[in-house]
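K.L.:
following is a predicted model, sequence given first.
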Amino acid sequence: MAVGSLPSSTLAYADDVPRAAAGSRAWRKLTRNPAALIGALILTVVIGAALAAPWVAPHDPAKQSLIRRFTPPVWTAGGNATYPLGTDQVGRDILSRIIHGARISLLVGVLAVVVSVLIGVTLGLVSGFVGGRVDTVLMTVVDITWSFPQILLALAFVAALGPSLVTVTLVLGLTGWERYARVVRAEVLALREKDFVEAARAMGIGAPRILLRHVLPNTFSSIVVLSTLQVAQAILQEAALSFLGVGSGRTYPTWGQMIALGRDFVSVAWWLPTFPGLAILATVLAINLVGDRLRDALDPRV
Amino acid sequence: MAAFVVRRLVRLMVVVIGVSLVTFAILHASGDPVTLIMPEAPEADRAVLRQTLGLHDPLAIQFARFFGNAATGNFGNSFFHRTPAFALVVERMPTTLLLTACSMALALAVALPVGIYSAMRRGRAVDQVATGTVFLGQSMPVFWTGIMLILLFSVQWRMLPVSGWESWASIVLPTATLSTFTAPLLLRIVRSSMLDVIALDYVRTARAKGVSEWLVICRHALKNAALPLVTITGLQFGLLLGGAVITETVFAVPGVGRLIVGAIRQLDFPVVQAGVFMLAMIVVAVNFLVDVLYVYLDPRIRVR
């Protein structure tokens, strides 16, 4: 076997347990916790609803019916089993709109995090490994990004670029990467001094290869934990942008937009803003619970 | 110490220039801001506006001018109010800062005792309830929490006003709403910094020599946990201001956040830029102070 193609796992985990065993231990830790299990269950339901929205939603989310407007939820007086969670000010079915809204929340949440991870991890790796001037410059950029309340910056740029699904995703991704850069940089600074990196360097392996094959894999667990938790944040941010009126547009229902519309009718129809908010709460809480357990399971220090 | 402060000041200047560059970019992100501002105006009128905004100059020149003006508090006139954008922001700043301060105080009043107690009883029922509540609090969209509080306290029980900022009663709901956002954050920080300190040798020594638990916590543990608490809270200040912006919108609080959100809807770029810039400057200032304070208070770092 050529020296350069030594599998990184042998080097990285040389003095650790084999990776498969570590993985199953992490899985056991994850499943032993009831809170995380409930989280995973909620998450499965939400993802399922998002994927199958056109088939599981009882009504067309855009269909209006003025005679049916302000129908209260089924368990209250005047409720109607056809509209389990009631209807809004133009008679659209709240449940169907929530089910369809899950698509936007999850899509934007996940894709924004992918954008952030790509930028943040790359900059963090380079910054930590190269050091010196490059590090100073990149960390100053991180400081600059950190100086803005993220939601404010996202708000301004989405409005300027024109609200759409793509802009919201990109802007949230472009304004949310500095956390990854900080974490990955810190890990790289520690890993850089480790024996297996030294060994790889002594074998004459080039810096890019060391970074990708030996350093990067060792930051994976932090990245996984951080990005899981950040999906929750991105969903909250997207909801806030929609609430403030610069979401992904008016054509498709989003949870934030439903709450914004519901606020105007809060004194006559409490169910309008309540249920979409509960949907956000359940989804974000589920992700946070799973992410937190993931941190405990993947972090060998705990 | 002096050398450290000077180094930090240089870095601060670089960050300020970077912040203005990003703020400057807001206007240009739209491609042609003039078309966005007056889409139906005749080309002649648009040309006039382009001229007044100086959009024909090279970007570098435009930025230099923007930076020079921003440094003296000149962001141009609001397109909508026809008055200086900077003055509009400054007028509303005290409201935003008051809201932030009130909610910080309320959040601390809850987070400090609960966080300390939670750390002392780690893993017990109290701790689990506290940690669970933190999770719940951090998963609630702050604008929704606000609307739910309105639903309960204004619509259902008619105890507090729905919106505004005239009386003390109208301050209660926005403050409470923003606190549901800040308190979990602070509680988490208090708990973890206390846990770090409680495990240290000198705390064990204090206990071993028979110091009462109460004194151990107050004198030995809390004093040392306070430093990370202040630092991390300071570093999260941007997040707190972001929460304030959203809260202001829900309750129609006449602060900078509501001004910016309104200006964004009207594409009133000077106001957006002035507001975003000023809020970022506050975050930069807080981060700087926290940085310097940290080094000043921790002799171990000061020596280096």
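P.N.:
Perfect, I can see it now.
K.L.:
quick one: is the longest helix seen in chain B near chain A?
P.N.:
Looking across chain B with DSSP state H, the single longest helix is helix B:85-120. No - Helix B:85-120 is not in contact with chain A by Cβ under 8 Å from any Cβ of the partner chain; minimum separation 11.2 Å. C-betas here are computed from N, CA, C, even on glycine.
K.L.:
now the next helix or strand after that helix - C-alpha only, CSV.
P.N.:
Toward the C-terminal end, the helix or strand that comes next after helix B:85-120 (DSSP states H and E) is helix B:125-139. Only the C-alpha atoms of helix B:125-139 are listed here, as CSV (Å, rounded to 0.1, in the frame of the first residue of the first chain):
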residue,chain,number,x,y,z
ALA,B,125,-35.8,16.9,39.6
VAL,B,126,-35.3,20.7,39.9
ASP,B,127,-32.4,20.7,37.5
GLN,B,128,-34.4,18.6,35.0
VAL,B,129,-37.4,20.8,35.1
ALA,B,130,-35.2,23.9,34.7
THR,B,131,-33.3,22.4,31.7
GLY,B,132,-36.5,21.2,30.2
THR,B,133,-38.0,24.8,30.5
VAL,B,134,-34.8,26.1,28.8
PHE,B,135,-35.4,23.8,25.9
LEU,B,136,-39.0,24.9,25.6
GLY,B,137,-38.1,28.6,25.8
GLN,B,138,-35.4,28.3,23.2
SER,B,139,-37.7,26.5,20.8
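K.L.:
helices and strands around the helix or strand following helix B:125-139, which ones?
P.N.:
Sequence-wise, the next helix or strand downstream of helix B:125-139 (DSSP H and E) is helix B:142-149. Under the contact criterion of 3 or more Cβ pairs under 8 Å, 6 or more residues apart in numbering or on different chains; DSSP states H and E, helix B:142-149 touches helix A:216-243, helix A:255-263, helix A:271-298, helix B:168-198, helix B:237-251.
K.L.:
re earlier: and the longest helix of chain B, what does it pack onto?
P.N.:
When contacts are defined as 3+ Cβ pairs under 8 Å, 6+ apart, helix B:85-120 packs onto helix B:125-139, helix B:168-198, helix B:237-251, helix B:256-265, helix B:269-297.
K.L.:
ok, back up a step: so which of the helices and strands packed on helix B:142-149 gets nearest A:Leu41?
P.N.:
helix A:271-298 (7.9 Å; Cβ to Cβ).
K.L.:
could you give the angle of that closest one to helix B:142-149?
P.N.:
Using axes from the mean of the first three to the mean of the last three Cα atoms, to 10 degrees, one finds that helix A:271-298 and helix B:142-149 are set 130 degrees apart in direction.
K.L.:
in helix A:271-298, what's buried?
P.N.:
By neighbour count with 16 or more other Cβ atoms under 10 Å in any protein chain shown, helix A:271-298 contains the buried residues A:271-295, A:297-298.
K.L.:
same question, stretch B:68-81
P.N.:
B:Ala70, B:Asn74, B:Phe75, B:Gly76, B:Asn77, B:Ser78, B:Phe79, B:His81.
K.L.:
check stretch A:191-200 too.
P.N.:
Quick answer for stretch A:191-200 (16+ other Cβ under 10 Å): A:Leu191, A:Arg192, A:Phe196, A:Val197, A:Ala200.
K.L.:
helices of chain A, start to end?
P.N.:
Secondary structure of chain A (DSSP H): helices located at A:8-12, A:19-31, A:34-51, A:53-56, A:94-130, A:132-146, A:150-161, A:165-175, A:178-191, A:195-202, A:207-209, A:216-243, A:255-263, A:271-298.
K.L.:
for B:Val253, which of those is the nearest?
P.N.:
helix A:255-263 (14.6 Å).
K.L.:
chain center to the longest helix of chain B: distance?
P.N.:
Taking Cα atoms, centre = their mean, to the nearest Å, one finds helix B:85-120 lying 9 Å from the centre of the chain it belongs to.
K.L.:
give me the buried stretch members for it, please.
P.N.:
B:85-86, B:88-89, B:92-93, B:95-96, B:98-100, B:102-104, B:106-108, B:110-112, B:114-120.
K.L.:
now do stretch A:182-190
P.N.:
Those would be A:Arg182, A:Val183, A:Val184, A:Arg185, A:Glu187, A:Val188, for stretch A:182-190 by 16+ other Cβ under 10 Å.
K.L.:
in space, what's closest to the fifth one - neighbours in sequence excluded?
P.N.:
Right, A:Glu187. Nearest residue to A:Glu187 in three dimensions, chain neighbours excluded: A:Thr219, at 4.7 Å (Cβ to Cβ, 6 or more residues apart in numbering or on different chains).
K.L.:
list the contacts for the one you found?
P.N.:
The contact partners of A:Thr219, by Cβ atoms under 8 Å, 6 or more residues apart in numbering or on different chains, come to A:Val121, A:Leu125, A:Val183, A:Val184, A:Glu187, A:Val188, A:Leu191.
K.L.:
get me the contact residues on the stretch 201-304 of chain B for chain A.
P.N.:
B:235, B:238-239, B:241-242, B:245-246, B:249-250, B:257, B:260-261, B:264-265, B:267, B:269, B:272, B:276, B:279-280, B:283-284, B:287.
K.L.:
contacting residues for the closest residue to B:Tyr202 other than its chain neighbours?
P.N.:
With sequence-adjacent residues excluded and distances taken as Cβ to Cβ, 6+ apart, B:Tyr202 is closest to B:His220, at 6.3 Å. Under the criterion of Cβ under 8 Å, 6+ apart, the neighbours of B:His220 are B:Val197, B:Tyr202, B:Val203, B:Ala206, B:Val211.
K.L.:
doesn't the last one lie inside a strand?
P.N.:
Think B:Val211. No - per DSSP: H, G, I helix; E, B strand; the rest coil, B:Val211 lies outside any strand segment and is coil.
K.L.:
list the contacts of it.
P.N.:
Applying Cβ under 8 Å, 6+ apart, the residues near B:Val211 are B:Arg219, B:His220.
K.L.:
mind pulling up the phi and psi values for it?
P.N.:
Note on B:Val211: its backbone torsions stand at phi -70, psi 140 [degrees, to the nearest 10].
K.L.:
what stretches of chain A score poorly on pLDDT?
P.N.:
Scanning chain A for pLDDT under 70 picks out A:1-23, A:26, A:29-31, A:249, A:299-302.
K.L.:
now the nearest residue to B:Ala252 once chain neighbours are set aside: how far from B:Thr180?
P.N.:
The shortest distance from B:Ala252 to any non-neighbouring residue, by Cβ to Cβ, 6+ apart, is to B:Ser163 (3.9 Å). From B:Ser163 over to B:Thr180 the distance is 18 Å, taken as Cβ to Cβ, to the nearest Å.
K.L.:
tally of neighbours for the residue lying closest to B:Ser118 once chain neighbours are set aside?
P.N.:
For B:Ser118, ignoring the flanking residues on the chain, the nearest one in space by Cβ to Cβ, 6+ apart is B:Ala130 at 4.2 Å. Per other Cβ atoms under 10 Å in any protein chain shown, the neighbour tally for B:Ala130 reads 21.
K.L.:
now do the contacts for B:Ala130.
P.N.:
B:Ala130 touches B:Val114, B:Gly115, B:Tyr117, B:Ser118, B:Leu187, B:Arg191, counting by Cβ under 8 Å, 6+ apart.
K.L.:
just give me the residue right at the centre of chain B.
P.N.:
The centre of chain B sits closest to B:Leu241, judged by Cα atoms, centre = their mean, with a distance of 2.3 Å.
K.L.:
residue contacts, it?
P.N.:
Applying Cβ under 8 Å, 6+ apart, we find B:Leu241 in contact with A:Pro149, A:Leu152, B:Thr96, B:Thr100, B:Gly257, B:Leu279, B:Ile282, B:Val283.
K.L.:
if you rank these by neighbours, which is first?
P.N.:
Result: B:Gly257 is most packed of these (other Cβ under 10 Å), 30 neighbours.
K.L.:
all set now, cheers.
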